[in-house]
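J.: here are the coordinates; sequence isn't available:
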């Protein structure tokens, strides 16, 4: 029989470790629709990778590598502007917590004005500059030939991406998280159907392969946007919030939204730029593999090696000449056209991790709403309790998921890719990421909680420092300078995850965000 004092201490310790029975149900009720919505929306990008992976390896491997470069580019543009949702949700939830629905509706009016204006400009500008942006990232001609058209088409969906973020943030801010969930499910089902039809060619649809994946995603994203717009027209929302009226346009509100959203947008740019540089480093490993293979043949050694190699490249490039396959050195040709295996493996790992990231973001979004509403109601201590309980709940879930991924990395990758060479290359990196899952959950949820409280600048500075003084330089040093190769970049990623979780948890624990006024 344990002494009473020991039993009390054990209960007290468990209460600190385990989530609260009182607060957890509300967190889960709010987070579950967001989780389903964001996971289904994420599957739009994963579906592209999945279906492209079913093509012939001559298309699937460079196609998946092309997607690996394209999607961070899309997020640099669309994700940056979609950060308008951070300011929209934080202020909407604060006004809703203050029981001022008219002012909450005014937030949506001004948010949509920003979203539609900037989204239209960005869509057209990004489409125009897509070839030059993509060309900076890779020299692999097969990857560029597939990636540039994909990128151009996806950029036309930036408008729908940004407008949907604005609408989602409003509904999340008033605790109606099921609205985006329904729109996202419809959008995802449509994308799956169109992906199959347009990539492989079915019924009346042409076989467009990688470009078909981009067209399907853009169509689905606009359908999702119009569903969200239709929901705002429901009388019970229109009467209560009164957002569609010119009287609600207010430069002060617009500035308040922008002031909160710009740091979050810049943080997104820093993150995606870091990811692109990270992928660029992985691309260098693919190029190095070609160089090592050419050197190993022994044919390309000596004083005339570079001249000979340039001559062979020139022959291979002239594909319109008859007999080029006979005239060129087949060893050189085959090695130079080696698939971008490491880049393709990284893309598949990113897709697996994106499911976990998005799930954490879903809990983070719910946490941001509850934190902001609690602050609006004058209950900062309750806001803090919501934050830590979300961290506890989802970190435990991710610990189980991460353990399964760490134990079975090949099986995890096999869910998305059919190319065994890609799966073998990515297995160890996938295992490392699986081990880091609980820290991913903690870091993202604390980050979103700080967004909900209005402390976006701190997040921006942290992402800037971590990506450009830690993630990218360490990835290069470990992979290239210290010759850890593909394994080195994933060690660098693990270091970034650990630091992000520690810093964000420390900031949230400090409580300085409780004093921010919106």
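T.: Sure, I can see it. Fair warning: this is a prediction, and the values are worked out from it, not measured in the lab.

J.: neighbours around residue 185, how many?
T.: Neighbour count for residue 185, taken as other Cβ atoms under 10 Å: 17. Every residue, glycine included, has its C-beta placed from N, CA and C.

J.: next one: residue 206
T.: Other residues close to residue 206 by other Cβ under 10 Å number 11.

J.: From what I see, it and residue 198 are in contact.
T.: Yes: assessed by Cβ atoms under 8 Å, residue 206 is found in contact with residue 198 at 7.4 Å.

J.: and after the host helix or strand of residue 366, which helix or strand comes next?
T.: For residue 366, the element it lies in under DSSP states H and E is helix 341-376. The C-terminal neighbour of helix 341-376 among helices and strands, as given by DSSP H and E, is helix 380-407.

J.: helices or strands up against that following helix?
T.: When contacts are defined as 3 or more Cβ pairs under 8 Å, 6 or more residues apart in numbering; DSSP states H and E, helix 380-407 packs onto helix 24-52, helix 341-376, helix 420-435, helix 437-453, helix 486-510.

J.: and residue 406, which of these is closest to it?
T.: Closest to residue 406 of these is helix 420-435 (Cβ to Cβ; 3.7 Å).

J.: Need the contact partners of the closest one.
T.: Residues outside helix 420-435 that contact it (Cβ atoms under 8 Å, 6 or more residues apart in numbering): 61, 64, 339, 341-342, 344-346, 348-349, 352-353, 401-407, 409-410, 412-414, 417, 486-487, 489-491, 493-494.

J.: Now do it: distance to the chain's middle.
T.: Distance, stretch centre to chain centre, for helix 420-435: 19 Å (Cα atoms, centre = their mean, to the nearest Å).

J.: same check, this time on stretch 104-121
T.: Remark: stretch 104-121 is offset 22 Å from the chain centroid, using Cα atoms, centre = their mean.

J.: hmm, who's touching that stretch?
T.: In contact with stretch 104-121 (Cβ under 8 Å, 6+ apart) are residues 81, 84, 87-88, 91-92, 95-96, 158-163, 165-167, 169-170, 173-174, 232, 240-245, 248-250, 253-254, 257-258.

J.: make it 7 Å
T.: Defining contact as Cβ atoms under 7 Å, 6 or more residues apart in numbering, one finds that stretch 104-121 is touched by 81, 84, 88, 91-92, 95-96, 158-159, 162-163, 166, 170, 173-174, 241-243, 248-250, 253-254, 257-258.

J.: Show only the entries of those residues found in helices.
T.: If you go by DSSP state H, the contacts of stretch 104-121 have 81, 84, 88, 91-92, 95-96, 158-159, 162-163, 166, 170, 173, 241, 253-254, 257-258 in helices.

J.: which residues does residue 478 contact?
T.: Counted by Cβ under 7 Å, 6+ apart, residue 478 has contacts 484, 488-489, 491-492.

J.: ok so, going back, can you tell me which of the contacts of helix 420-435 are buried?
T.: Neighbour-count burial (16 or more other Cβ atoms under 10 Å) applied to the contacts of helix 420-435 gives 61, 64, 339, 341-342, 344-346, 348-349, 352-353, 401-402, 405-406, 409, 412-413, 417, 486, 489-491, 493.

J.: Read off the pLDDT value for the nearest residue to residue 387 once chain neighbours are set aside.
T.: Of all residues not flanking residue 387 in the chain, residue 449 sits nearest, at 4.3 Å (Cβ to Cβ, 6 or more residues apart in numbering). Turning to residue 449, the model gives it a pLDDT of 92.
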